[in-house]
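J.: sequence and predicted structure, then a few things I'm wondering about:
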Amino acid sequence: MHKIKYGSQEIFYELKRSNRKTLGIEVHPDNSVIIVAPSKSSFEDIERKIEKRAKWIINQQAYFNQFLPRTPERKYISGETHFYLGKSYRLKISLGTKNQVKLKAGKLEVICKNKIKQELVKNLLANWYYTHAEKKFKSISNEAFSKFKEYDFKMPKIEIRRMSKRWGSCNTLDKITLNPEIIKASSKCIEYVLIHEMCHLVVRNHNKEFYKILETIMPTWKKWKDKLENKLS
């Protein structure tokens, strides 16, 4: 891993060598930067070319950052509103014989064994969301993938991982990573994120071709993108 300075910012990048004749720069949805350079290029020459494209790299990363999750800080107390699949539920915290979470009578009930602690409530809820996300993401990803029949790629592996600056990301090869936070949004919002990332299996960057495919697969994508960001803001 290498880095260069651009104004007050730093750009971290991974350098790969190949037999290609020109320098290639890739900015991925997770903000990682891959530089593919000719095998005979000097390191100084590579850095000079990266510096010339630094503004473009920063702009690409800034574009991806618009998907920054903005869920407000929670206190994890009874009466607080929490979301699940686009609907709001009041949090009810009580004591019981074992630690568990239940969705019951329009409330998210968190039962704590022995003593109610904020950190315990937070962890119990996080695990509950994660478990439900696994099941829901799988079914929605199958539905989303069925809309890409004319494109030549296999069903990507779906990984769930907490990310501070992403709803989802794609390695542009065979894996899509989803933030479990989006289980709080509606199924259509989740589908939008999956379709967006699957489009990257066809087109890596956000160019005209990418948006043409996105528009074809999901004509209402802007509506669900806005709802996702507003729901979790």
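T.: Now that the structure is in, tell me what you want to look at. Predicted model only: the values in this text are computed from it and were never measured.
J.: ok, residue 92 touching residue 106?
T.: No - Residue 92 is beyond contact range of residue 106, at 9.9 Å (criterion: Cβ atoms under 8 Å). (C-beta placed from N, C-alpha, C; glycine too.)
J.: the more surrounded of those two?
T.: Of the pair residue 92 and residue 106, residue 92 is the one with more neighbours under other Cβ atoms under 10 Å, namely 17 against 10.
J.: quick one: strands adjacent to the host helix or strand of that one?
T.: With elements taken from DSSP states H and E, the one containing residue 92 is strand 87-96. Strand pairing for strand 87-96, using DSSP bridges, gives strand 81-84 (antiparallel), strand 107-113 (parallel).
J.: ok, the residue lying closest to residue 192 once chain neighbours are set aside - contacts?
T.: Leaving aside its chain neighbours, residue 192 sits nearest to residue 224 (3.9 Å; criterion: Cβ to Cβ, 6 or more residues apart in numbering). Counting by Cβ atoms under 8 Å, 6 or more residues apart in numbering, residue 224 makes contact with 186, 188-189, 191-192, 218.
J.: part of a helix, is residue 224?
T.: Yes - using DSSP: H, G, I helix; E, B strand; the rest coil, the assignment for residue 224 is a helix.
J.: so how far is residue 39 from it?
T.: 44 Å (Cβ to Cβ, to the nearest Å).
J.: so what does the longest helix seen in the chain touch, helix or strand wise?
T.: The longest helix of the chain (DSSP state H) is helix 118-145. Counting contacts by 3 or more Cβ pairs under 8 Å, 6 or more residues apart in numbering; DSSP states H and E, helix 118-145 packs against strand 81-84, strand 100-104, strand 107-113, strand 157-160, strand 175-178, helix 187-199.
J.: one more time with 10 Å, if that's ok
T.: strand 81-84, strand 87-96, strand 100-104, strand 107-113, strand 157-160, strand 175-178, helix 187-199 (3 or more Cβ pairs under 10 Å, 6 or more residues apart in numbering; DSSP states H and E).
J.: so which of the ones you listed is the most surrounded?
T.: helix 187-199 (a mean of 23; mean count of other Cβ atoms under 10 Å).
J.: so how far is the helix or strand following it off the chain centroid?
T.: The helix or strand immediately downstream of helix 187-199 is helix 208-217, counting by DSSP H and E. Relative to its chain's centre, helix 208-217 lies at 19 Å (Cα atoms, centre = their mean, to the nearest Å).
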